[in-house]
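[1] Just a sequence and a predicted model for now, questions to come.
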Amino acid sequence: MNDFRCVAPDVKLGQNVKLAQFVNLYGCEIGDETKLGTFVEVQKNARIGRRCKISSHSFVCEGVAIEDNVFIGHGVMFINDVYPRATAEGGALQTEKDWTVTPTTVRKGASIGTGATILAGVDVGENAIVGAGSVVTKNVPANTIVAGNPARILRAL
C-alpha cells in the first residue's frame, strides 16, 4: 500500500521524526523528534530543527531556517522572494539563476499561529509568538507577542 509520502533521497531526517501522509520533502533537513503534519511541503535548502511541530497545510520554502522547539500552526506560509516574477527579462519563465533566495529564520522556542504569512528576510526572535492570521513584514523581537496585518508588537512575554 502506498503511504502517500514523498521524501526525496537527499532529505536528511533526524531520529524519531514523525511524518504524516501527504508530505512533500526534498533537499531539506529535519531534526530529531520533529513532527510534520499532513500536506506539509519543505523545499530544498530549508532546515527544521529538533522537537518542532509543523502543522498541516504549511509551506516551508527554500532559505527558511527553523530552530529547535518551534511550533508552526496550520496553513503557515513562508515567502523567500522579495520581488517575485514569473518570467525573466526576455520573457521566458524564470529559473533559479534569475532570482535570489532571501533567508528567513525562526528562532528557538518561537510559535507561529495558524494562517500566518512570514515574508522573506524576516527574523522571528527566540520564544516570540506570532498571532494567527498575521502578516509578518519585519523582524519580531525575542520574547514578544505580535499580531495583525502588518504584525505589530502587542506586548512582551
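    On my side now, so go ahead. Residues are numbered from 1 along each chain as shown.
[2] How about Tyr26, nearest residue that isn't a chain neighbour?
    Closest residue to Tyr26 apart from its sequence neighbours, by Cβ to Cβ, 6 or more residues apart in numbering: Ala8 at 3.8 Å. Where C-beta positions appear, they are placed from N, C-alpha and C, glycine not excepted.
[3] got the contact list for that neighbour?
    Leu25, Tyr26, Gly27 (Cβ atoms under 8 Å, 6 or more residues apart in numbering).
[4] Am I right that Val146 is in a strand?
    Yes: assessed with DSSP: H, G, I helix; E, B strand; the rest coil, Val146 lies in a strand.
[5] Closest to the centroid, which residue in the protein?
    Nearest to the geometric centre of the chain sits Val60, at 3.3 Å (Cα atoms, centre = their mean).
[6] hang on, it packs against Asn45?
    No: judged on Cβ atoms under 8 Å, Val60 makes no contact with Asn45 at a distance of 10.6 Å.
[7] what sits in contact with each of these two?
    If you check Val60 and Asn45 against Cβ under 8 Å, 6+ apart, the residues they both contact are Cys28.
[8] returning to what we had before: contacting residues for the residue nearest to the centre of the chain?
    Counting by Cβ under 8 Å, 6+ apart, Val60 makes contact with Cys28, Val40, Glu41, Val42, Gln43, Ala46, Ile48, Ile54, Ile66, Ile72, Phe78.
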